[in-house]
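1. below are the sequence and a predicted model; questions follow.
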Amino acid sequence: MPATEFDIIEQVFKRGALQGKSVICGIGDDAAVLELPPNQQLVVSTDTLVSDVHYFHDADPFDIGYKSLAVNLSDMAAMAAEPLWVTLCLTLPANDPVWIQKFADGFFTLANKYGVSLVGGDLTHGPLSISIQIMGAVPHDTALKRSEAKPGELVYVTGKLGMAALALAILKGEAGMFDVPPGACLDKLNRPEPRLDIGTAIRDIAGAAIDISDGLAADLGHVLKASSVGAEIELGRIPVCEELRKLDEAVMWRHALNGGDDYELCFTAHERHQNTLKQISQDIACPINCIGKITPGDRIKWMSPEGENKDIPARGYRHF
């Protein structure tokens, strides 16, 4: 007899889930009972990933499981929160035990790495879709927000931009003529590394923060709108991946600024914190680059190394 949804939950997901001290009642009841650490505030985020929208339907299920949690952990990083618990709603077109186990392996690889407990969710039949709610905690009134950028603060980004967007272009056949090796690009697309260590390290340093999911141009724009400020960004200081630098300049900037799926952090901080940020970058072994500054106004000025204004529209990923 094929495994029922309850068998799958019990044998795959409950068995693989961490049972942290904060989980009073987890998988197996009508709802989870969770203990928030003292003097902490709850931080909650939800994402839905849909087949052939956020990942290819024939992608490795390990990668799908991994990425589905990674993008939610990235939201925790942007808020400077420590992730604690997660719920998973998984809609499957078929009861494929091999696919389900590989998906769970990818999911729990990342969950166990960061000590996140799966505490509930739902499993049902239908077109492949994944919805995740993640919950974390921050000390009272220390969560980073998009709305706290101030004129005079510097703008920073972590890592390098554009590699995931280039990988997607390669998979779609759009960049085949450029003869770009896909290996590292595909890793960045399929298994992004959430910047949780940096998020918590800059908690008392950063003004505003956001994770770069839809592209730097669009996501920085969200910060500026929420904070009612503008920005001046120096294109020559943006950390673009080496693979993109080999391409035509217009193609490079399209992927680096508008491609999305980077899951790096963009944040602001006062210039007095520059040395501290350099030390954080060295300690965590992740580049943190200053790319410009926050200004009065309401838009981004993109500046070339020669000091000229460049017109770069914000055309990040849109769901509709």
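-> Sure, I can see it.
2. check contacts around His222.
-> Going by Cβ atoms under 8 Å, 6 or more residues apart in numbering, His222 touches 146, 210. (C-beta placed from N, C-alpha, C; glycine too.)
3. using CSV, list the CA coordinates for the helix or strand hosting it.
-> Using DSSP states H and E, His222 sits within helix 216-227. What follows is helix 216-227, C-alpha atoms only, in CSV (Å, rounded to 0.1, in the frame of the first residue of the first chain):
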residue,chain,number,x,y,z
LEU,A,216,19.8,45.5,-6.5
ALA,A,217,18.1,48.3,-8.5
ALA,A,218,14.6,47.2,-7.4
ASP,A,219,15.4,46.2,-3.8
LEU,A,220,17.4,49.3,-3.0
GLY,A,221,14.5,51.2,-4.5
HIS,A,222,12.2,49.6,-1.9
VAL,A,223,14.5,50.9,0.9
LEU,A,224,14.6,54.4,-0.6
LYS,A,225,10.8,54.5,-0.9
ALA,A,226,10.2,53.2,2.7
SER,A,227,12.8,55.7,4.1
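4. and it, average pLDDT?
-> Mean pLDDT, computed over helix 216-227, is 96.
5. repeat for stretch 250-268
-> Taken as a whole, stretch 250-268 carries a mean pLDDT of 92.
6. in the helix holding His222, what's buried?
-> Buried residues in helix 216-227, counted by 16 or more other Cβ atoms under 10 Å: 216-224, 227.
7. ok, these vs Leu18, which is closest?
-> Asp219 (30.7 Å; Cβ to Cβ).
8. which ones are touching the closest one?
-> Contacts of Asp219 (Cβ under 8 Å, 6+ apart): 210-213, 266, 316.
9. one more pass at 10 Å, please.
-> By Cβ atoms under 10 Å, 6 or more residues apart in numbering, the contact list for Asp219 reads 78, 146, 157, 210-213, 257, 260, 262, 264-266, 314, 316-317.
10. sheet partners, orientation included, of the next helix or strand after the helix holding His222?
-> Once helix 216-227 ends, the next helix or strand along the chain (criterion: DSSP H and E) is strand 230-234. In the sheet, strand 230-234 lines up against strand 288-295 (antiparallel), strand 300-303 (parallel) (DSSP bridges).
11. can you give me the helices for this protein?
-> With DSSP state H applied, the chain shows helices at 5-8, 15-16, 61-78, 97-113, 163-171, 183-190, 196-201, 216-227, 242-245, 249-258, 274-284, listed in chain order.
12. CA atoms only for the longest one - export them in PDB, please.
-> Translated: helix 61-78. Extracted in PDB, the C-alpha atoms of helix 61-78 (Å, rounded to 0.1, in the frame of the first residue of the first chain):
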ATOM      1  CA  PRO A  61      14.600  18.000  -5.600                       C
ATOM      2  CA  PHE A  62      17.500  18.400  -3.200                       C
ATOM      3  CA  ASP A  63      18.100  21.900  -4.600                       C
ATOM      4  CA  ILE A  64      14.400  22.800  -4.500                       C
ATOM      5  CA  GLY A  65      14.300  21.800  -0.800                       C
ATOM      6  CA  TYR A  66      17.500  23.700   0.000                       C
ATOM      7  CA  LYS A  67      16.500  26.800  -1.900                       C
ATOM      8  CA  SER A  68      12.900  26.900  -0.500                       C
ATOM      9  CA  LEU A  69      14.300  27.300   3.000                       C
ATOM     10  CA  ALA A  70      17.300  29.500   1.900                       C
ATOM     11  CA  VAL A  71      15.200  32.300   0.500                       C
ATOM     12  CA  ASN A  72      13.200  32.400   3.800                       C
ATOM     13  CA  LEU A  73      16.400  32.400   5.900                       C
ATOM     14  CA  SER A  74      17.600  35.300   3.800                       C
ATOM     15  CA  ASP A  75      14.600  37.300   5.000                       C
ATOM     16  CA  MET A  76      15.600  36.600   8.600                       C
ATOM     17  CA  ALA A  77      19.200  37.800   7.800                       C
ATOM     18  CA  ALA A  78      17.800  41.100   6.400                       C
END
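13. flag the shaky bits of this protein, pLDDT-wise.
-> Low-confidence segments of the chain (pLDDT under 70): 1-2, 175-183, 313-320.
14. could you list every residue that touches Thr142?
-> So Thr142 contacts 40-41, 79-81, 200, 203-204 (Cβ under 10 Å, 6+ apart).
15. and which of these is nearest Val50?
-> Using Cβ to Cβ, the shortest approach to Val50 within the contacts of Thr142 belongs to Met79, at 24.0 Å.
16. give me the phi and psi angles of that closest one.
-> Dihedral angles of Met79 (phi, psi; degrees, to the nearest 10) stand at phi -100, psi 0.
17. once you drop chain neighbours, what's closest to Ile294?
-> Glu153 (4.6 Å; Cβ to Cβ, 6 or more residues apart in numbering).
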